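*Asks:* Sequence below, structure please.
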Amino acid sequence: MTANPPHPPPEKPPVALWPAMVWIAAGLYQFALTPASFAFWKGAVYFLAGGPVMLLVAGTAAARLRLAVQQMVADVFPDEDWFTGLVSASLRIILGTVETLMVLFAARGLVGLLAWG
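*Replies:* Residues are numbered from 1 along each chain as shown. Next comes the predicted model:
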């Protein structure tokens, strides 16, 4: 009777920190413009609740999406050459721009909701 090989330990999901840093930078910028919009509970909601949510949700999604795009480029272009590097860099730039805009739109939307409430 042969023993089954041990299963490899499950990998921890990757997390990117930059969406949370963009979230905090956008909040600090908005705070510098209009500090009254972060008075009392509004600042706590934005920074203390929004930062970890942005880290977990957007950070995990961004890291997994980057891994998926990297794997897709490796599948389509198996040989590593200058064209593969150019395609990979172009996709990373486009993906980073779109992800940054989504985080900034979410930050602006929450600031607008906090100002409204």
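*Asks:* Downstream of the helix or strand harbouring residue 23, the next helix or strand is which one?
*Replies:* If you go by DSSP states H and E, residue 23 is part of helix 18-33. Once the chain leaves helix 18-33, the next helix or strand it forms, by DSSP H and E, is helix 41-43.
*Asks:* mind listing what's buried in whichever helix or strand comes after that next one?
*Replies:* The helix or strand immediately downstream of helix 41-43 is helix 50-53, counting by DSSP H and E. Using 16 or more other C-beta atoms under 10 Å as the test for burial, helix 50-53 gives 50-51. For every residue, glycine as well, the C-beta is placed using N, CA and C.
*Asks:* next one: stretch 104-117
*Replies:* 106-107, 110-111, 114.
*Asks:* Residue 25: which of these is nearest?
*Replies:* Using C-beta to C-beta, residue 107 comes nearest to residue 25 of the buried residues of stretch 104-117, at 9.0 Å.
*Asks:* which residues are contacting the helix or strand hosting residue 61?
*Replies:* Counting by DSSP H and E, the element that carries residue 61 is helix 59-76. Residues outside helix 59-76 that contact it (C-beta atoms under 8 Å, 6 or more residues apart in numbering) are 13-20, 84, 87-88, 91-92, 95, 99.
*Asks:* what about that helix, average pLDDT?
*Replies:* The pLDDT scores in helix 59-76 average 91.
*Asks:* What of stretch 98-115?
*Replies:* Stretch 98-115 shows a mean pLDDT of 91.
*Asks:* before we move on, the earlier item: what residues of the helix holding residue 61 count as buried?
*Replies:* Residues of helix 59-76 classed as buried by neighbour count (16+ other C-beta under 10 Å): 59, 61-63, 66, 73.
*Asks:* and of those residues, the nearest to residue 46?
*Replies:* Closest to residue 46, out of all of the buried residues of helix 59-76 and judged by C-beta to C-beta, is residue 59, at 17.0 Å.
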